[in-house]
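In: Predicted model and sequence follow; I will ask about them next.
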Amino acid sequence: MKSDPFIPVLFDFPEFFETERLLVRAPQWGDGAVVNEAIRESLEELKLWMPFAQSMPALEESEIYVRDSRLKFLNRTVLNMLIFHKAEGTFLGCTGLHHIDWETRCFEAGYWLRTTSTGKGYITEAVNGITRFAIQELAANRIEIRCSGRNAKSAAVAERAGFLLDGILRLNTLGLDGELHDSKVYAKVRGAEF
């Protein structure tokens, strides 16, 4: 007898989690201003790797992004989350889970951090937190981090967070610089890394 189909929109789980220093939560109406401020501060660094940062978005565009992210979170299609410093309340960046396959419980984690917050371990802490969230709340079987073979900082985060390099896809993606890039694929899988 076949079981009832899984319907993601009916799956309840928390909209936030905390780590030692961070509050990571689903986007809310009105978050566009802090996201926009962080992009403005970090545009030159983000421009290298993030499609949304190829030009400075207007405040309205950032608000549209967070509202769209909120709706996708509720629909369970993309789980973008905002990172805040718990003690100070300041917005630090974003993490989240995308390319979600609910049937196999496979997720891809992504992240970015504002420039003034780099070098303090926040993004590794956030990635460890989103990984625990995926395992404990979403019953993840596999969590991936993919990055350009040229993005040494992103690869270092994956490695510090204990993700293992599954492989390198050679010249498989067009970088934002217009050149073909390798992609590094890191993963944690149930039964091996958790």
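Out: That came in fine, so what should we check first? Keep in mind that this is a model prediction, so the values were computed, not measured. Numbering: from 1, shown residues only.
In: Show me the beta-bridge partners of residue 91.
Out: For residue 91, the beta-bridge partners under DSSP bridges are residue 84.
In: number of nearby residues for it?
Out: Each residue near residue 91 was counted by other C-beta atoms under 10 Å, and the total is 18. All C-beta atoms are positioned from the backbone trio N, CA, C, and that covers glycine.
In: is it true that it touches residue 84?
Out: Yes. Here residue 91 reaches residue 84: they are 5.7 Å apart, a contact under C-beta atoms under 8 Å.
In: Check the gap between the closest residue to residue 124 other than its chain neighbours and residue 111 for me.
Out: Leaving aside its sequence neighbours, residue 124 sits nearest to residue 160 (C-beta to C-beta, 6 or more residues apart in numbering; 4.7 Å). The spacing between residue 160 and residue 111, counted by C-beta to C-beta, to the nearest Å, is 12 Å.
In: Quick check: mean pLDDT of stretch 89-106?
Out: Across stretch 89-106, the average pLDDT comes to 97.
In: and residue 6, what does it touch?
Out: For residue 6, the contact set (C-beta atoms under 8 Å, 6 or more residues apart in numbering) comprises 102-103.
In: One more pass at 6 Å, please.
Out: Residues near residue 6 by C-beta atoms under 6 Å, 6 or more residues apart in numbering: residue 102.
In: How about residue 111?
Out: 95, 123, 127.
In: what about the second one, which helix or strand?
Out: This points to residue 123. helix 122-138 (DSSP states H and E).
In: ditto for the first one
Out: In this structure, residue 95 is located in strand 91-101 according to DSSP H and E.
In: What's the first helix or strand after that strand?
Out: Going down the chain from strand 91-101, the next helix or strand is strand 106-113, by DSSP H and E.
In: List the pairing partners of that next one within its sheet, with orientation.
Out: If you go by DSSP bridges, strand 106-113 pairs up with strand 91-101 (antiparallel), strand 142-148 (parallel).
In: Which one of the ones you listed lies nearest to residue 54?
Out: Taking C-beta to C-beta, strand 142-148 is the member of these nearest to residue 54, at 15.1 Å.
In: What is the helix or strand just after that closest one packed up against?
Out: Next helix or strand after strand 142-148 toward the C-terminus (DSSP H and E): helix 152-160. Packing partners of helix 152-160 (3 or more C-beta pairs under 6 Å, 6 or more residues apart in numbering; DSSP states H and E): helix 122-138, strand 142-148.
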